[in-house]
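Trainee: Sequence first, predicted coordinates after that:
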Amino acid sequence: MKNKLLDIGGNWREGELSLRQVMKKYPEVSPFVIIKADVQRRGVEYTERALAMVDPDIHLTKVRSDYSNKEDLTPVSLMLRDGTSICTSVDVGGNTSSGRDPYLVDAVDGVSVLIDEDEVIEEVSYWEKPDYHSKTTSRGTPMWHVVSPRPQRLCIHPHQHCDFWKTPGHGCKFCAMSAVYHAGNKPELLDVGDILETVNEALREPGRNVSIFLTGGTLCGGENFLDDEVDYYVDILAGITKLFGGRRFPSQLISTAFSKRQLRRLHDNTGLTSYTADLEVLDKAMFDWICPGKAANIGYERWKERLYQAVEIFGKGNVNTGVVVGVELATPGGFKSEDAALESILAEADELSSNGVGVVGCVWHVAPGSVFRKQVSPSLEYYIRVAGGFDSIRRKHGISVDMDNYRRCGNHPDTDLGRI
Amino acid sequence: MGATLNEELREMLADSGTIAALATTGSDGAVHVAFKESFNCRDDGYIEYDEVMDTSQTNKNLVHSIWFGKTISISVLSKDRRSYVITGRPVRAVISGREFREHYISIRKRLGDVDLSTVWIIDPISVREQSFDKRREEEEDAHPLLRHLDRLTVQDTSH
């Protein structure tokens, strides 16, 4: 399926600053962050030479998570020389270009490199797989089906579908979770025993993990709205907490925005240290348009209020919200210019942060299988301006980046800037 | 790779009695100097440095250096007062994988319950001996005009 940029003749490069031009215009921004943002935006393809450098015994090639279910021999993702990750997308249908030419990963003199228009841009390496990855649980479940690794984080996606998608028109428009779920043979819910067994095994590996992360689709049910989701996470997190002798441990949950009572229960009954509820887009009208399930069931202002309540419970620096940077420029409901979008979302990020809530951005990689699959993501320059803005706002309000720094998610150009 | 470390310097870096100071600069231009123990010269000529703290000023400055191509320097002083300065450039930050794990296990064996943030791989650009006698000889050979005359005068001590 062609998108608009390809439809206009593939001359997208003429309409925006190139990677080198952005680097020159923003010399104070890490070139690694700029490369990362552009690679996440445009995606990658691998040459045969690059794939020949993949060793399945060493490198991570198989992954199952909320947005992925792959078993081919391409690397799951990449790492740059400065230790920051590039979370490259694996799309249903194989299109990774987001409307622009993807970067090429090639091998030159035995080194994996990113190439664009025949120019070697930067060296990259492939993520390595953890020890637990090839093991199975006592129930016979492959552990890689249960916990997906990042270079230093264990990721658990207990609910691999989303109840909002079960109501027609209520799925978030940028999200491909439902498409990935229906394309694969994944269970909707993971077994808690499998999760605990896999985490226990993964924690044996010295020096591998700095954080345990949970997220998944919304579970609406229960005595009160979302109680099922809270119950599920409490069961898992309480079990993991026992592995740490009942103490709190570096961890993050991204969930639907829970009520204060639910947040209190989560905090008091588990060792969870940080909490995230993703607004996805920093504008009420666009939230209503892009995230109709969240809007109909909770609403933008109540979502924010619940984040503020989470700060009261988990503490400043331990609560943030994620946004899919760029969807605010989707058509037809989005901002009409990048300048207008930037001004608006930074003002909203500032308000959130003034209430103790950090804001972190992901690069919007237009995903096949999403409602927005024919949309076009913004320019690279926009991503760099947003990343700089979010970083400045976090520093202004004294919000620590630790809970979501470069070693954890690795998907946020703005938190990479917090390294110095 | 710009410079090769000689065997004497390799041995000095490996000697636990050697004092080594790592000088880095940050985005504000301020120089930060910290005494470090965990340098190692690899077989391929690169220098490894194990940084235990993710938010130390040294680590932040090393990130700044690799981002913007800035140099760092390592001053090395042996127990017998021989001294070298290595100028280098960080070329890789290893934070996970097999190589990281080896360092993680090794440093915990050596220092006890410490963490490891990053294994920095440093490309040595230049090496200069800074031992006092050596430097004094070099200075006077290279700049014979830069000295006080009383040192050169043939003093008449008969009076």
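Mentor: Received it, and whenever you're ready, just let me know what you need. Residues are numbered from 1 along each chain as shown, chains lettered A, B, ... in the order given.

Trainee: ok, which stretches of chain B are helices?
Mentor: Using DSSP state H, the helices of chain B run over residues B:7-14, B:57-68, B:98-111, B:132-142.

Trainee: now those in CSV, with mean pLDDT?
Mentor: Shown next, in CSV, are these (pLDDT from 0 to 100):
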stretch, mean pLDDT
helix B:7-14, 94
helix B:57-68, 98
helix B:98-111, 97
helix B:132-142, 93
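
Trainee: and those helices, which is most packed in?
Mentor: Ranked by average neighbour count under the criterion mean count of other Cβ atoms under 10 Å in any protein chain shown, the helices of chain B are headed by helix B:57-68 at a mean of 22. For the C-beta atoms, the positions are set from N, CA and C on the backbone; glycine is no exception.

Trainee: can you list contacts of that one?
Mentor: For helix B:57-68, contacts defined as Cβ atoms under 8 Å, 6 or more residues apart in numbering or on different chains pick out A:30-32, A:81-82, A:419-420, B:22, B:24-27, B:32, B:34, B:36, B:51, B:53, B:70-72, B:89-93, B:117-118, B:120.

Trainee: again, only this time at 7 Å
Mentor: A:30-32, A:81-82, A:419-420, B:22, B:24-27, B:32, B:34, B:51, B:53, B:70, B:72, B:89-90, B:93, B:117-118, B:120 (Cβ atoms under 7 Å, 6 or more residues apart in numbering or on different chains).

Trainee: Give me the below-cutoff pLDDT ranges for the stretch 51-200 of chain A.
Mentor: Along the stretch 51-200 of chain A, segments meeting pLDDT under 70 span A:89-98.

Trainee: Now do the contacts for A:P31.
Mentor: Applying Cβ under 7 Å, 6+ apart to A:P31 gives the contacts A:M23, B:W67.

Trainee: Per-residue pLDDT of it, please?
Mentor: pLDDT for A:P31: 98.

Trainee: Check the gap between B:R89 and B:I72 for me.
Mentor: Going from B:R89 to B:I72 by Cβ to Cβ, to the nearest Å gives 7 Å.

Trainee: neighbour-wise, which of these two wins?
Mentor: B:I72 (24 against 15; other Cβ atoms under 10 Å in any protein chain shown).

Trainee: in what helix or strand does A:V360 lie?
Mentor: Using DSSP states H and E, A:V360 maps to strand A:358-363.

Trainee: Could you list the paired strands of that strand along with their orientation?
Mentor: Strand pairing for strand A:358-363, using DSSP bridges, gives strand A:319-325 (parallel).

Trainee: next structured bit after the strand it pairs with?
Mentor: Downstream of strand A:319-325, the first helix or strand assigned by DSSP H and E is helix A:338-354.

Trainee: Taking strand A:319-325 as reference, get the angle to that next one.
Mentor: On the basis of axes from the mean of the first three to the mean of the last three Cα atoms, to 10 degrees, helix A:338-354 is oriented at 170 degrees to strand A:319-325.

Trainee: So which bits of helix A:338-354 are buried?
Mentor: Using 16 or more other Cβ atoms under 10 Å in any protein chain shown as the test for burial, helix A:338-354 gives A:E338, A:A341, A:L342, A:I345, A:L346, A:E348, A:A349, A:D350, A:L352, A:S353.

Trainee: Which residue comes closest to the second one once chain neighbours are left out?
Mentor: Of all residues beyond its chain neighbours, the one nearest A:A341 is A:F335 (3.8 Å), with distances taken as Cβ to Cβ, 6 or more residues apart in numbering or on different chains.

Trainee: Hmm, A:L329 and that neighbour touching each other?
Mentor: Yes. If you go by Cβ atoms under 7 Å, A:F335 and A:L329 touch, sitting 5.6 Å apart.

Trainee: Identify the contacts common to those two.
Mentor: Joint contacts of A:F335 and A:L329 (Cβ under 7 Å, 6+ apart) are A:A341.

Trainee: A:G333 - nearest residue in space that isn't next to it in sequence?
Mentor: Excluding its sequence neighbours, the residue lying closest to A:G333 (Cβ to Cβ, 6+ apart) is A:W289, at 4.3 Å.

Trainee: I misspoke; the intended subject was B:R147.
Mentor: Of all residues not flanking B:R147 in the chain, B:E140 sits nearest, at 6.8 Å (Cβ to Cβ, 6+ apart).

Trainee: what's A:V401 in contact with, if anything?
Mentor: A:R394, A:T415, A:G418.

Trainee: again with A:S138
Mentor: A:E197.

Trainee: 10 Å - rerun?
Mentor: A:S138 makes contact with A:G193, A:D194, A:E197, according to Cβ atoms under 10 Å, 6 or more residues apart in numbering or on different chains.
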